[in-house]
Every structure is written in C-alpha cells, then in structure tokens.
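Undergrad: fold the following, please.
(one chain, ligands or ions: 2)
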Amino acid sequence: MIEIEGLVKRFANRAAVDGLDLKVEPGEIFGFLGPNGAGKTTTVKCITGLLKPTAGRIRVAGFDTATRTLEAKRSMGLVPDEPFVYPKLTGAEYLRFVGELYGVKLDDMRKRIPELFEMFELTPWGGELVESYSHGMRQKLVLAGVLLHDPKVLVLDEPMVGLDPKSGRLVKDIFLKLAERGTTIFMCTHVLEIAEKLCDRVGIMIDGRMLACGSLAELQSQARKQGDLEDIFLSLTGGAEYSALLRHL
Ligand SMILES: Nc1ncnc2c1ncn2[C@@H]1O[C@H](COP(=O)(O)OP(=O)(O)OP(=O)(O)O)[C@@H](O)[C@H]1O
Ligand SMILES: [Mg+2]
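TA: Numbering: from 1, shown residues only. Ligands and ions are numbered 1, 2, ... in the order given. Have a look, this model is predicted:
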C-alpha cells in the first residue's frame, strides 16, 4: 500500500532522508521510530506530498505520488504532528469542509459527523470555534476528519501526543479495528509501548537511514538482544550510554 524506493530528501547540503526503502502491506500497522531529527516527519511529508523528494519514488495505493498525485492524495489521510485547523471554523464546519474536499456525500456526512463527535466526546463542542479547543480536542478533531473520508492509507505523525488516557485507548482501538478492515496505518511515534502493542512491524530510523525494520522478534535477533522494544531501541540507537549525559547535571 505504501512503497518507498531510494527516497532522499536534502535540505541545503544535508540529507534529512538518505536512501530509504520500505514497503507497508495492506492492513498493516507500521510504527516509524527514531530519535529527534532522524527524518521521520520529513518522510511523512514526502509520502503525503507536502515536500518534494530530492530523489526516489513513492507509491501509495499503487499511485506514484509524483505523477498520479491527486489519486495518491485521495487514497490517504494525514494527521500531522501539529494539529492545524482553521481557528475561525467551528468543529462541525471543519468536518464538513474536509468531507467536501474528499467528496464525501452530504447524506453520509449528516449521519457520520454526529457519530464522530460522539465517539471523540466532542458533541458539546461541535458548534464552537476551533480556537476555543484545547490541544487534545484539536487532535481528536483532526482524527475525526481523517475517519470521515475513510482512506485506504492513514499516515499519522505522533497521533497520541496530547491525548488523555481514555482518548489514547480509543484511538488505539480505532487503529486496530481499521487495520482489521484492511486500512493501512503508518505512524510515527516515540511511545515505544504503543508501538510494541499496536504495530505489526516497526522501523527504526537514525540520521535519515533505516537502522532496523521488522517485528519485535526480528528486531531482537537483529540487535542480538532479548527484552522489550525500549531495550532494543536504546541498544540499537546507542542511547544505552545515556547515563554519561547526566554528568552535566
Ligand atoms: N524545512 C527544513 N529545512 C531545513 N532542515 C530541515 C527542515 N525540515 C527538517 N529539517 C531537518 O531534517 C532533519 C530531520 O527532521 P525531521 O523533522 O524529519 O525529524 P523527526 O525524525 O521527525 O524528529 P522528531 O522526533 O523531533 O519529530 C533534522 O535535522 C531537521 O533539522
Ligand atoms: Mg517529527
């Protein structure tokens, strides 16, 4: 569902993504991990067409994002790292706007929008301006927006940030249900526990390159180490020696 071949993205003379190859299968939940500045958001922006790759090829749902841009974009929904929503729209107006953009039928929207508000416990806020929403409420509204048009591929950049525990659990269950129905989920996260519980495979990126990729068992064998994802992550990214950093305290 997502095919990335030789992706390179340079800013000035520095490569933020430096030769990435990756395939994500239909119905798979893929977790994209890596330290700050590794190139995760840059990859997400290239997949979703917000940035033009310096080199390489990306296909989403079989459509080349460079030549079949519109079809590729129509096949996916993006939840970016900052939940930007026009502040002067109400929540309901925002969802109608998203629905119209993606060609959702009016009748479907009339039924679906109240259901989504109910699911995210935003019903009392539907008529309020987005500028009055908290960070977590905006995040939930953006999630409701992508669920409204029900794309084949969901690309999410740290979707759990700012969500309270109940909403976090809800979103995890939504992802599992969507994946069961065949939706492909590509998710950047720093929450290793979520990645471990939710993702079929994870990729660990560092300095623009994929350091390791696979199921937890595959990563354990690549790292020649047992233990949970946190142990493996720290061992692979060299973070295990982090105690040395504390000498500055
Ligand atoms: N517009 C830009 N111009 C110049 N450099 C950029 C730009 N966007 C990103 N970078 C650089 O690209 C590298 C990768 O950044 P990116 O945002 O992709 O990291 P990330 O893995 O998402 O990190 P985080 O975990 O902090 O979100 C960083 O060195 C960053 O400074
Ligand atoms: Mg990022």
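
Undergrad: so where do the strands sit in the protein?
TA: 2-11, 14-24, 29-33, 55-60, 63-64, 76-79, 153-157, 184-188, 201-206, 209-214 (DSSP state E).

Undergrad: residues from the protein in reach of ligand 1?
TA: Within the chain, the positions near ligand 1 by Cβ under 6 Å from any ligand atom are 11, 16, 34, 36-42. Bear in mind the C-beta positions are built from the backbone N, C-alpha and C, glycine included.

Undergrad: separate out the buried members of the residues you listed.
TA: 16, 34, 38-42 (16 or more other Cβ atoms under 10 Å).

Undergrad: and ligand 2, which of the residues you listed contact it?
TA: Among those, the ones lying near ligand 2 by Cβ under 5 Å from the ion are 40-41.

Undergrad: from the buried ones among the residues of the chain next to ligand 1, which land in helices?
TA: Among those, the subset assigned to helices under DSSP state H consists of 40-42.

Undergrad: can you redo the residues you listed as JSON lines with pLDDT?
TA: Output for those, formatted as JSON lines (pLDDT from 0 to 100):
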{"residue": "K40", "pLDDT": "97"}
{"residue": "T41", "pLDDT": "97"}
{"residue": "T42", "pLDDT": "98"}
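
Undergrad: quick check, nearest of the residues you listed to ligand 2?
TA: Comparing those against ligand 2 with Cβ to the ion places T41 closest, at 3.2 Å.

Undergrad: residues in contact with the closest one?
TA: 81, 157, 188 (Cβ atoms under 8 Å, 6 or more residues apart in numbering).

Undergrad: picking up where we left off before, tell me the one of the buried ones among the residues of the chain next to ligand 1 nearest R110?
TA: Sorting those by distance to R110 puts T41 at the head of the list, at 35.0 Å, by Cβ to Cβ.

Undergrad: show the pLDDT at the residue nearest the centre of the chain.
TA: Residue closest to the average C-alpha location in the chain (Cα atoms, centre = their mean): L156, at 1.6 Å. The predicted structure scores L156 at 97 on the pLDDT scale.

Undergrad: quick check: it vs L147, distance?
TA: As judged by Cβ to Cβ, to the nearest Å, L156 and L147 stand 12 Å apart.

Undergrad: please apply the same query to T42.
TA: Here the distance between T42 and L147 works out to 26 Å (Cβ to Cβ).

Undergrad: hang on, K45 packs against I58?
TA: No. Assessed by Cβ atoms under 8 Å, K45 is found out of contact with I58, at 11.0 Å.

Undergrad: okay, domains of this structure per the record?
TA: Here the chain is described, according to automatic domain parsing, as comprising the domains 2-75+152-248, 85-150.

Undergrad: any idea which of those scores lowest on pLDDT?
TA: When those are compared by mean pLDDT, domain 2-75+152-248 comes last with a mean of 92.

Undergrad: how far is it from where the chain is centred?
TA: How far domain 2-75+152-248 lies from its chain's middle: 7 Å, per Cα atoms, centre = their mean, to the nearest Å.

Undergrad: what sits against S215?
TA: By Cβ under 8 Å, 6+ apart, the residues touching S215 are 200-202.

Undergrad: of those, which is the nearest to ligand 1?
TA: Distance to ligand 1 across those (Cβ to the nearest ligand atom) is lowest for V202, with 14.0 Å.
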